[in-house]
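# structure of the sequence below:
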Amino acid sequence: MKQELIKLSQDVEEEIKPLLENIDKICKKNSEKILNAFQNCDLQESHLVSSTGYGIDEPGRNKIEEIYSQVFKAEDALVRTQLISGTHALAVTLFALLRPNETMLSITGAPYDTLQTVIGIGKDVNKSSLKSFNINYEQIELINDDFDIERIQERLLKNDVKLVEIQRSRGYSTRKSLTIEKIEKAIKAIREVNKNVIIMVDNCYGELVQDREPIEIGADIAVGSLMKNLGAGIATSGAYIVGNRELVELCAERLTTPGIGKEIGPSLNQNSLLLKGLFFAPSVVASSVKTAIFASRMLEKLGYNVEPKYDEKRADIVQTISLKTEQNLIKFCQGIQRGSPIDSNVIPYPGDMGGYEDKVIMAAGTFTQGSTIELSCDGPLREPYIAYMQGGLTYEYGKLGVLKAIEYMQQEK
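Now for the predicted structure:
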């Protein structure tokens with residue numbers, strides 16, 4: 001590695017040291033919250049034993065969902081390996097809670113690309129989308145990276161919206177991710193004019209970045225993936241849905257079958273991994289945020305536009321870097337792959353992917369396929385050629401991966 005790059009990284013580490021110390025404070029608070037949940041729910045060694053077959057009322061699985069309920073301060077939780085991704089969990093939730101001719105309103109603009117396919121946005125409407133079931137969709141754009149409270153309240157006064165969707169993270173957009181404080185303000189404004197509309201938060205990438213979660217600030221239901229923050233790179237599958245008990249039960253009946261809901265679902269030797277993932281999550285999320293801060297300052301020093309800036313308040317683990325050219329985006333992602341512990345010799349190239357309109361390049365040499373809490377980087381091949389970087393199981397490994405990516409991108413110039 002070039003001496004100049006090593007020197008720059010040392011300078012950056014010294015500069016960001018106070019910020020990293022603040023991340024440790026949040027980690028400590030979230031660790032205490034999770035440990036308390038484990039103890040208050042009386043987690044026993046017997047709960048690590050998994051079921052097969054139907055998994056009827058399995059004690060270990062039920063205990064995990066009890067713990068998640070307490071961590072999120074929710075009435076109930078559905079935590080299942082049968083939920084294979086965040087998008088799957090979101091789709092289950094939307095189909096569970098919406099009926100034909102009802103309306104879903106996104107108040108954070110267009111949702112993530114794969115969820116657009118679920119909803120039925122775009123040129124070719126999927127035959128299994130919400131739209132194909134005559135479920136209506138509307139959206140209200142953010143203004144200066146914040147909620148358009150006036151328009152939201154005006155629309156909800158009509159009392160014909162069934163569900164409001166809030167996406168905490170930015171997705172493949174250029175807007176900022178939303179802090180808990182901004183979401184809390186929006187939820188309070190919604191309740192001033194409509195007390196019955198269901199408020200759903202897509203919590204992906206945001207868990208444990210701050211010291212509060214969406215249910216605590218008034219959301220009815222929150223959804224996320226265990227391939228991200230709460231899996232901590234230990235869970236090998238799964239997602240969660242937490243919130244109001246009746247709504248969670250509807251989601252469970254959509255996942256399994258009406259009349260059965262949460263009663264069945266084998267854990268298939270996953271209990272220990274799900275619990276250990278949650279236990280380590282505060283530390284791993286802290287490492288991911290530290291990695292993002294380091295990357296933000298390094299790439300900004302090298303002349304690239306970054307979001308968030310290194311000293312901005314963080315709402316999720318995602319760091320975006322505007323790399324100016326298609327070549328830079330491809331090379332940076334390839335460099336992240338070269339800095340991975342697995343498949344470091346593999347060279348990723350852009351390609352077509354289901355649910356995405358543009359070609360996408362994805363780099364992730366991860367222990368669990370698709371795990372974005374492990375250091376990964378991806379981006380659609382469209383201007384302004386933004387790399388979306390997230391994860392880092394430890395700050396040390398994350399930092400090494402970022403430096404490898406920068407070095408590889410610079411070598412190819």
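
# show me where the stretch 51-200 of the chain has helices.
59-72, 86-97, 113-119, 149-156, 180-193 (DSSP state H, counting those that start in this stretch).

# residues contacting residue 228?
Counting by Cβ atoms under 8 Å, 6 or more residues apart in numbering, residue 228 touches 86, 204, 205, 207, 317, 371, 372, 373. Any C-beta I mention is one placed from the backbone N, CA and C, and that applies to glycine too.

# so which of these sit within helices?
residue 86 (DSSP state H).

# and the furthest pair within the contacts of residue 228?
Greatest spacing in the contacts of residue 228, by Cβ to Cβ: 207 and 371 (14.3 Å).

# what's the closest of the helices of the stretch 51-200 of the chain to residue 302?
helix 113-119 (28.1 Å).

# can you show me the strands along the stretch 1-150 of the chain?
Ranges of strands within the stretch 1-150 of the chain are 76-80, 103-106, 136-139, based on DSSP state E, counting those that start in this stretch.

# run me through the strand neighbours of the second one, direction for each.
Read it as strand 103-106. strand 136-139 (parallel), strand 163-167 (parallel) (DSSP bridges).

# ok, now the first one?
Each strand that pairs with strand 76-80, with its direction, by DSSP bridges: strand 239-243 (antiparallel).

# can you give the distance of the helix or strand following the strand it pairs with from its chain's centre?
Scanning forward in sequence from strand 239-243 by DSSP states H and E, the next helix or strand is helix 245-255. Distance of helix 245-255 from its chain centroid, counting by Cα atoms, centre = their mean, to the nearest Å, is 21 Å.

# centre of the chain to the helix or strand just after helix 245-255, how far?
With elements assigned by DSSP H and E, the helix or strand that comes after helix 245-255 is helix 271-301. Offset of helix 271-301 from its chain centre (Cα atoms, centre = their mean): 12 Å.

# quick check: mean pLDDT across helix 271-301?
When pLDDT is averaged along helix 271-301, the result is 98.

# picking up where we left off before, need the contacts of residue 228 in JSON lines (columns: pLDDT and neighbour count).
Output for the contacts of residue 228, formatted as JSON lines (pLDDT from 0 to 100; neighbours: other Cβ atoms under 10 Å):
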{"residue": "86", "pLDDT": "96", "neighbour count": "25"}
{"residue": "204", "pLDDT": "97", "neighbour count": "29"}
{"residue": "205", "pLDDT": "97", "neighbour count": "28"}
{"residue": "207", "pLDDT": "98", "neighbour count": "29"}
{"residue": "317", "pLDDT": "97", "neighbour count": "29"}
{"residue": "371", "pLDDT": "94", "neighbour count": "24"}
{"residue": "372", "pLDDT": "93", "neighbour count": "28"}
{"residue": "373", "pLDDT": "97", "neighbour count": "31"}
